[in-house]
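Student: this is a predicted model, with the sequence first.
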Amino acid sequence: MTVPLVIDVLLLMLIAYKVFTYLRGTRAVQLLKGLLVLVVLTGVAEIFQLGMLKWTLEKVWVMAVVAIPIIFQPELRSMLEKLGRGRPFANLIQANEQYKWVISEVVEAVQEMSSKRIGALIVLERETGLKEYVETGVPMDGLVSRFLLIQIFKKETPLHDGAVIVRANRLLAASCYLPLTPNLQLPKDLGTRHRAAIGVTEQSDAVVVVVSEETGAISVAEEGKLTRFMDPEGLARFLESRLMPDTGFNWKFKDRHNGRFKGM
């Protein structure tokens, strides 16, 4: 493979990745899935020379070429605006800085809520968009902070019953409804929060942090599995490994006794 061809392939892969990143969490993702199905069907029709299917798909592609720019004009416009702002390659560095902040704030909030027996359900979005769950809650779109998280989950507030969903360093919504896991083999002492945490991770690659209202125990759900009874240091290491691997990030937590920050 020649050098120009390698560069060509790498650039195409980078463009495809950036386009997917911009469209993630929007209805355009469903469009991409539909186009993929059409591509597969077109290939099958071409290989096996299925005349009627080929004719039908040709008409569908003509309509799709006209309809796609019209239906998804807002998403396409937003994507082009982001590309026009420049610095597309700085996003990875910026994302790591955002996640450093998020991990610190989430762990600090969870540490305090655990000590005060405040139940919490914090969903951290990764590659799979969680827009369908965001829309079930109350829109927030605020910067993630331990003070905001603690305030939301206090029993006195109307938003405490449900989950908060975080994308990058933004808290998108609170009081969101999540799907409960159908797994009947789970321990009987797990409540609705834990079952919802497992349920949403069975359907996405999200990481979910749970604080038990009854015991104050800290748990983390990922890929349909629940890790229970974590301490703040372990939680920080877990989130670091999932959200920003191989960065060497060193979380610092506050010592309850003297108010100072200590390294892990």
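Tutor: All right, it came through fine.
Student: so where is the stretch 1-150 of the chain shaky, pLDDT-wise?
Tutor: 1, 19, 21-30, 71-95 (pLDDT under 70).
Student: which residues in it form strands?
Tutor: Remark: strands assigned in the stretch 1-150 of the chain by DSSP state E, counting those that start in this stretch are 120-124, 138-143.
Student: now swap in the stretch 151-264 of the chain and tell me
Tutor: Under DSSP E, counting those that start in this stretch, the stretch 151-264 of the chain gives strands at 163-167, 170-176, 207-211, 218-222, 225-230, 252-254, 261-263.
Student: pipe these into CSV and attach distance to residue 134, mean neighbour count and mean pLDDT per row.
Tutor: Placement of C-beta: from N, CA and C, glycine included. Below are those laid out as CSV (distance: least, CB to CB, whole Å; neighbours: other CB atoms under 10 Å; pLDDT from 0 to 100):
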stretch, distance to residue 134, mean neighbour count, mean pLDDT
strand 163-167, 5, 25, 96
strand 170-176, 5, 22, 96
strand 207-211, 14, 25, 97
strand 218-222, 18, 22, 97
strand 225-230, 23, 15, 95
strand 252-254, 29, 16, 48
strand 261-263, 32, 10, 37
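Student: pull the number of nearby residues for the residue nearest to residue 57 when sequence neighbours are not counted.
Tutor: Excluding the flanking residues, the one nearest residue 57 by CB to CB, 6 or more residues apart in numbering is residue 42, at 5.2 Å. Residue 42: 16 surrounding residues under other CB atoms under 10 Å.
Student: count the residues that sit near residue 40.
Tutor: Residue 40: 10 neighbours (other CB under 10 Å).
Student: now it: how far from residue 47?
Tutor: 11 Å (CB to CB, to the nearest Å).
Student: closest one to residue 157 among the strands of the stretch 151-264 of the chain?
Tutor: strand 170-176 (8.9 Å; CB to CB).
Student: give me the angle between that closest one and strand 138-143.
Tutor: With axes from the mean of the first three to the mean of the last three CA atoms, to 10 degrees defining the directions, strand 170-176 sits at 150 degrees from strand 138-143.
Student: contacts for strand 170-176?
Tutor: 123, 125, 133-144, 148-149, 152, 158-166 (CB atoms under 8 Å, 6 or more residues apart in numbering).
Student: could you flag which of the residues you listed are buried?
Tutor: For the contacts of strand 170-176, a burial check counting by 16 or more other CB atoms under 10 Å picks out 123, 125, 133-134, 137, 140, 144, 148-149, 152, 159-160, 162-166.
Student: quick revisit: now the strands of the stretch 151-264 of the chain as TSV including distance to residue 188?
Tutor: Below are the strands of the stretch 151-264 of the chain laid out as TSV (distance: least, CB to CB, whole Å):
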stretch	distance to residue 188
strand 163-167	22
strand 170-176	25
strand 207-211	16
strand 218-222	15
strand 225-230	14
strand 252-254	33
strand 261-263	37
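Student: so which of these gets nearest residue 51?
Tutor: strand 163-167 (46.6 Å).
Student: so what are the sheet partners of that closest one and their directions?
Tutor: Based on DSSP bridges, the pairing partners of strand 163-167 within the sheet are strand 120-124 (parallel), strand 170-176 (antiparallel).
Student: can you put the ones you listed in CSV and add distance to residue 242?
Tutor: Formatted as CSV, these follow (distance: least, CB to CB, whole Å):
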stretch, distance to residue 242
strand 120-124, 8
strand 170-176, 18
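Student: among those, which comes closest to residue 208?
Tutor: strand 120-124 (5.1 Å).
Student: with only the CA atoms kept, save that closest one in PDB.
Tutor: Output of strand 120-124 as PDB, limited to C-alpha atoms (Å, rounded to 0.1, in the frame of the first residue of the first chain):
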ATOM      1  CA  ALA A 120     -28.500   9.200  43.600                       C
ATOM      2  CA  LEU A 121     -28.400   7.900  40.000                       C
ATOM      3  CA  ILE A 122     -25.900   9.500  37.700                       C
ATOM      4  CA  VAL A 123     -25.600   8.400  34.100                       C
ATOM      5  CA  LEU A 124     -22.400   9.200  32.200                       C
END
